[in-house]
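[1] The sequence and its predicted three-dimensional model are supplied below.
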Amino acid sequence: MNEEKLPVKSRRNFIKDSGQIAAAGALAGVALPHVHAADDHKLKVTLIGAGGRGTGAASQALSVSESLGPIELHSMVDVYEDKLERAYRTLSDPKRGLSKKVNVPKERRIIGFEGYKEAMDQLSAGDIAIFTTPLAFRWVFFEYAIKKGINVFMEKPVTADGPTSRRMLELNKKAKAKNLKVGVGLMCRHCESRKALLERIQDGQIGDITMLRSYRQQGPIGSAFTPPYDKDKYPSELMYQIRRFHSFLWLSGGAVSDFLIHNVDEACWMKGEWPVSCSGSGGRHYRGENVDQNFDNYTCEYTFADGTKYFMYGRNMQGTHNEFAVYAHGTKGAAVVSSAAHTPAYSRIYKDHNINRNRRAKTENLAWRFPQEVREPNPYQLEWDHLVEAIRRDQPYNEVERGVMASAATSLGRMAAHTGQEITMDDFMNSDHEFSPNTKDITSPDSPTPLQADDTGAYPIPEPGIKKTREY
């Protein structure tokens, strides 16, 4: 099979793929312990950010096994009414199998930048808030959730620069002190196939890791490409930028942070550590009149403390070779961490470094692969099962530090490519450059944005070698 043509699955199309999202179907083959009646109070969930990712996260929250107790969607928040109503119609559609768990009357479908406070004020301590807005608002919402004693699921990435990374780690100390459970949307670490591979790597089946490499090479996707001619459709500059958040570094960290973070996280997970430095390159080639801040391609060389290299390749161009995969090479052979999509991973090990991209091929050098007769449980669902189980059983559960470091490692690569400099992780984490230092002051559609266009309507773009200490 030609894996280059396989689609990349994501949280945002989870609903499209699932059809009926009954919990029994979502959890087929997954053994979950029964929760006793004492833990059967209803968990209320608020969705803050009702785009595709938010709708997918909410659907997974409502698809958690009934053995883990009752759960309902209690409120929804967004700054765009059309997005919120679309998400509500999707989640409450009886054909989806979740409508009985959606209890969001009109008065709890909240529009506005301050809506997150109203929504969390209506929850009880121990309930769950989902944060799936652009990352610029992540720490602000997290701070309020900690104040209210509310558990959190936050989408990746969680930071885009050093100051917010440090701030999130400090806030997380308070979350841990309150015993709050926090999940981060890096679902690959919940994947059974990848976990089985990691155990074999740790057992030495590919020997000592000598190199890692990952690829996310595809055509243009999402709003990472922003034309200048549709700005008049939006009520303000701020609302225009938020609607196309992939295009702007202050809102998303750009296409690198938003799309490549899974690949970076997987590679570092297999290595068992975070990189200490990175150099990178990239450029804009086919942007035409698009006024976003992204490059068309990125190549980053990460270095770990022992000198091992990890090469990351990202590209968004039409008509080019497509590949979506993470590989680990060792002294005894090589491993495919993932191939074709986030899920299923189709993890496997080869006796040498001749990797067959056809995941079904039984070649002589194939040493192991995750049993294909076993359907891989969907890691998007597993991360929610694990979070809710931890809440019900009051078990330690906090993914913030990993989320911050995965975000930082990805941003490190982006910053290296955008500035044309070799940058250390210490330099990045201790940097004083913050994309949006006044996020708390963004309280209405007319609030000023931290990023302004020039007289021609264009926004600052990276200039490697010229802008050496910051990205715009």
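    In hand now; what should we look at? Owing to the predicted nature of the structure, the values given are computational and were not obtained by experimental measurement.
[2] ok, then the element right after the top helix by length along the chain?
    In terms of residue count, the longest helix belonging to the chain (DSSP state H) is helix 400-419. The first helix or strand that comes after helix 400-419 along the chain, using DSSP states H and E, is strand 423-424.
[3] Relative to that following strand, what are the paired strands and their orientations?
    Looking at strand 423-424 with DSSP bridges, its partner strands are strand 277-283 (antiparallel).
[4] hmm, who's touching the strand it pairs with?
    295-303, 314, 412-414, 416-418, 420-425, 464 (C-beta atoms under 8 Å, 6 or more residues apart in numbering). (Each C-beta comes from the backbone N, C-alpha and C, glycine too.)
[5] The longest helix of the chain to strand 277-283, inter-axis angle?
    50 degrees (axes from the mean of the first three to the mean of the last three C-alpha atoms, to 10 degrees).
[6] who does helix 400-419 touch, helix- and strand-wise?
    Judged by 3 or more C-beta pairs under 8 Å, 6 or more residues apart in numbering; DSSP states H and E, the packing partners of helix 400-419 are helix 162-177, strand 182-184, helix 254-271, strand 277-283, strand 297-303, strand 423-424, helix 425-429.
[7] just so I know, which of these lies nearest residue 57?
    Taking C-beta to C-beta, strand 182-184 is the member of the helices and strands packed on helix 400-419 nearest to residue 57, at 9.5 Å.
[8] what comes up buried for the helix or strand following the closest one?
    Per DSSP H and E, strand 182-184 leads on to helix 192-202 as the next helix or strand towards the C-terminus. For helix 192-202, burial by neighbour count (16 or more other C-beta atoms under 10 Å) applies to 192-198, 200-201.
[9] Columns distance to residue 331 on top of the residues you listed, output as JSON lines?
    Putting those into JSON lines (distance: C-beta to C-beta, whole Å) gives the following:
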{"residue": "192", "distance to residue 331": "26"}
{"residue": "193", "distance to residue 331": "23"}
{"residue": "194", "distance to residue 331": "21"}
{"residue": "195", "distance to residue 331": "23"}
{"residue": "196", "distance to residue 331": "21"}
{"residue": "197", "distance to residue 331": "17"}
{"residue": "198", "distance to residue 331": "17"}
{"residue": "200", "distance to residue 331": "14"}
{"residue": "201", "distance to residue 331": "12"}
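[10] Now the two most distant members of the residues you listed.
    Across those, the longest distance by C-beta to C-beta is 15.1 Å; it joins 192 and 201.
[11] The closest residue in space to residue 318 that isn't next to it in sequence: how many residues sit nearby?
    Computed as C-beta to C-beta, 6 or more residues apart in numbering, the closest residue to residue 318 that is not its neighbour in sequence is residue 219, at 5.1 Å. Per other C-beta atoms under 10 Å, the neighbour tally for residue 219 reads 11.
[12] The host helix or strand of residue 217 packs against which elements?
    If you go by DSSP H and E, residue 217 is part of strand 209-218. With contacts taken as 3+ C-beta pairs under 8 Å, 6+ apart, strand 209-218 sits against helix 254-271, strand 309-316, strand 323-330.
[13] Any idea which of those gets closest to residue 90?
    Distance to residue 90, taken as C-beta to C-beta, is lowest for helix 254-271 among these, at 21.9 Å.
[14] now the angle between strand 297-303 and that closest one, please.
    Inter-element angle recorded for helix 254-271 and strand 297-303: 30 degrees (by the same axes, to 10 degrees).
[15] could you say what helices and strands helix 254-271 packs with?
    With contacts defined as 3+ C-beta pairs under 8 Å, 6+ apart, helix 254-271 has these neighbours: helix 192-202, strand 209-218, strand 297-303, strand 309-316, strand 323-330, strand 334-339, helix 400-419.
[16] Give me the angle between the strand holding residue 217 and strand 309-316.
    Using the same axes, to 10 degrees, the direction of strand 209-218 lies 0 degrees away from that of strand 309-316.
[17] Buried residues in strand 209-218, which are they?
    For strand 209-218, using 16+ other C-beta under 10 Å, the buried residues are 209, 212-218.
[18] after that strand, next one along is what?
    By DSSP H and E, the next helix or strand past strand 209-218 is helix 237-243.
[19] which residues are contacting that next one?
    79-80, 134, 223, 231, 233-234, 247-248, 251, 442, 445-449, 451-453.
[20] Please pick the buried ones from those.
    By 16+ other C-beta under 10 Å, the contacts of helix 237-243 give 79-80, 134, 231, 234, 247-248, 251, 442, 445, 449, 451, 453 as buried.
[21] Among the helices and strands packed on helix 254-271, which comes closest to residue 148?
    Per C-beta to C-beta, nearest to residue 148 of the helices and strands packed on helix 254-271: helix 400-419, 16.7 Å.
[22] Go ahead and measure how far that closest one is from the middle of the chain.
    Relative to its chain's centre, helix 400-419 lies at 12 Å (C-alpha atoms, centre = their mean, to the nearest Å).
[23] what's the answer for stretch 281-298, then?
    Centroid separation between stretch 281-298 and its chain, computed with C-alpha atoms, centre = their mean, is 22 Å.
[24] How far does it stretch from one end to the other?
    Across its full length, stretch 281-298 reaches 6 Å between end residues, using C-alpha to C-alpha, to the nearest Å.
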